[in-house]
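Trainee: Quick one, structure for this:
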Amino acid sequence: MKFIPTQIENLTIIESTVFADSRGYFMEGFNKQKLKHLGLDINVIQTNISESSKNVVRGLHFQNPPFAQGKLIRVLKGAVLDVAVDLRKDSKTYGQHFSIELSEKNKLALWIPTGFAHGFATLMDKTLFYYDCTETYNKESEGSLRWNDPILNINWGIESPILSEKDAMAPLFVNFKSQF
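Mentor: Residues are numbered from 1 along each chain as shown. Have a look, this model is predicted:
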């Protein structure tokens with residue numbers, strides 16, 4: 001495993017070693033000891049999997065303390081534009097976002113620590129999205145930000161995304177009060 005830092009502190013791309021041959025491939029998706037040796041101590045409490053059609057945008061979601069979640073994100077089939085927004089009010093990158101394409105082809109993972117909103121746009125039909133979480137989901141602690149917020153100015157690359165009603169009506173960043 002190899003860590004690739006991003007311009008946002010603690011937000012990390014993880015490149016796994018892939019062993020491929022004529023039969024297919026093998027790779028470790030999660031190895032607590034290796035990640036800890038590289039400086040990332042992840043305690044997985046819950047795993048989530050979703051499948052989405054092309055042009056779906058999910059997010060931007062987060063869990064407030066005390067149920068804040070770190071997420072280790074990976075795409076098993078298809079591709080997404082994955083987006084993380086820094087909500088840590090004492091961070092020098094507060095309100096900034098990072099985006100990366102995660103796909104079955106590049107096999108990259110993204111570590112999103114607590115204090116970030118997260119969302120993704122599916123680039124292919126039947127995209128299978130997998131993420132390990134450091135805390136369980138708690139409805140009373142959930143929060144969201146509008147996917148097309150003008151202050152965040154995220155280029156999703158999709159003209160007319162397919163959205164849930166909740167995501168379409170999420171609050172704007174200008175009204176957001178961070179608990180992180």
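
Trainee: Now for the one residue sitting closest to the centre of the chain: which residues touch it?
Mentor: For the chain, residue 118 is the residue whose C-alpha lies nearest the centre (Cα atoms, centre = their mean; 4.8 Å). Applying Cβ atoms under 8 Å, 6 or more residues apart in numbering to residue 118 gives the contacts 59, 60, 61, 62, 71, 73, 82, 83, 84, 85, 112. Where C-beta positions appear, they are placed from N, C-alpha and C, glycine not excepted.

Trainee: Now the last one, what are its backbone angles?
Mentor: As for residue 112, its main-chain torsions (degrees, to the nearest 10) stand at phi -110, psi 110.

Trainee: returning to that earlier point: the residue nearest to the centre of the chain: which element?
Mentor: Per DSSP states H and E, residue 118 falls inside strand 116-122.

Trainee: report the longest helix in this protein, please.
Mentor: helix 32-37 (DSSP state H).

Trainee: Residue 25: neighbour count?
Mentor: Residues near residue 25, counting by other Cβ atoms under 10 Å, number 9.

Trainee: just checking, it touches residue 18?
Mentor: Yes - between residue 25 and residue 18 there is a contact under Cβ atoms under 8 Å: 5.3 Å.

Trainee: Just the element for residue 128, please.
Mentor: Assigned by DSSP H and E, residue 128 falls within strand 127-133.

Trainee: could you dump that strand to CSV, C-alpha only?
Mentor: Below are the C-alpha coordinates for strand 127-133, written out as CSV (Å, rounded to 0.1, in the frame of the first residue of the first chain):
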residue,chain,number,x,y,z
THR,A,127,-21.6,1.6,-10.2
LEU,A,128,-20.9,-0.4,-7.1
PHE,A,129,-19.6,1.9,-4.3
TYR,A,130,-18.1,0.5,-1.1
TYR,A,131,-17.0,2.3,2.1
ASP,A,132,-15.8,1.4,5.5
CYS,A,133,-16.9,3.7,8.4
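
Trainee: Residue 178 versus the residue lying closest to residue 62 once chain neighbours are set aside, what's the distance?
Mentor: Nearest residue to residue 62 in three dimensions, chain neighbours excluded: residue 117, at 4.5 Å (Cβ to Cβ, 6 or more residues apart in numbering). When Cβ to Cβ, to the nearest Å is the yardstick, residue 117 and residue 178 sit 10 Å from each other.
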